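Peer 1: sequence and predicted structure are below.
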Amino acid sequence: TQLLEQSPQFLSIQEGENLTVYCNSSSVFSSLQWYRQEPGEGPVLLVTVVTGGEVKKLKRLTFQFGDARKDSSLHITAAQPGDTGLYLCAKTGNQFYFGTGTSLTVIP
Amino acid sequence: DTGVSQDPRHKITKRGQNVTFRCDPISEHNRLYWYRQTLGQGPEFLTYFQNEAQLEKSRLLSDRFSAERPKGSFSTLEIQRTEQGDSAMYLCASSLGGQSYGYTFGSGTRLTVV
């Protein structure tokens, strides 16, 4: 098992606030993906990062891949209630290993 | 194409019974994966197929679990002699293959063993 640690595990914030969640591994990622999962549904792919130091933006979401490709962060600006969900990072390979997840609640 | 379909969405069964779940992947995807997810946790890998070949199985997949993809299209996951610890969401995903491609997940089958 290749352990992916995500932090924080739970996060509850007010609408309009900014937040960052983290994904860390002791080993190098060849590439990493972020997913968001809503209750009762499967995860949905948000982004793939491949190159160390890479930054990708998706509207109010900014994804960064660490220079050493062992960690990644997801920053959300001006969070909205629609951002509520479980955010998962996944280490890619023949099969993907998912992190423990960050459960985000945005309160209106 | 309507994405990845899983059936049933919910299953309640008594301990000791057998259950079977079905997954219909996106038609052009050659890879199909099964994951298990418990509440508040990330999905845990169970097994995956490339076309009809089952290429890898997790240690989580005990002898009571079996998966098939007979024609390289839909797949079934069977759990025999269910136990309360089998209660979880069972997720199916498909992809074009290769780690640069993301997974497309189904909505899952929620299994409750009573």
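Peer 2: Okay, I see it.
Peer 1: so what strands line up beside the helix or strand of chain A with the lowest mean pLDDT?
Peer 2: Within chain A, no helix or strand scores below strand A:97-98, which has a mean of 90 by mean pLDDT, DSSP states H and E. Sheet pairing of strand A:97-98 (DSSP bridges) gives strand A:85-91 (antiparallel).
Peer 1: ok, back up a step: continuing past the least confident helix or strand of chain A, what's the next helix or strand?
Peer 2: Sequence-wise, the next helix or strand downstream of strand A:97-98 (DSSP states H and E) is strand A:102-107.
Peer 1: buried residues, that next one. List them.
Peer 2: Of the residues in strand A:102-107, those buried by neighbour count under the rule 16 or more other CB atoms under 10 Å in any protein chain shown are A:Thr102, A:Ser103, A:Leu104, A:Val106. All C-beta spots, glycine's among them, are computed from the backbone N, C-alpha and C.
Peer 1: go on, stretch B:54-67?
Peer 2: Applying a neighbour-count criterion of 16+ other CB under 10 Å, one finds B:Gln54, B:Ser58, B:Leu61, B:Phe65, B:Ser66, B:Ala67 buried in stretch B:54-67.
Peer 1: any idea how far that stretch is from the middle of the chain?
Peer 2: Relative to its parent chain, stretch B:54-67 has a centroid offset of 10 Å by CA atoms, centre = their mean, to the nearest Å.
Peer 1: what's in contact with that stretch?
Peer 2: A:94-95, B:34, B:36, B:44-49, B:68-69, B:75-83 (CB atoms under 8 Å, 6 or more residues apart in numbering or on different chains).
Peer 1: mind doing that once more with 10 Å?
Peer 2: The contact list for stretch B:54-67, computed with CB atoms under 10 Å, 6 or more residues apart in numbering or on different chains, reads A:1, A:94-95, B:18, B:20-21, B:23, B:31-36, B:44-50, B:68-69, B:75-83, B:86, B:90, B:92.
Peer 1: how far does that stretch stretch from start to finish?
Peer 2: 8 Å (CA to CA, to the nearest Å).
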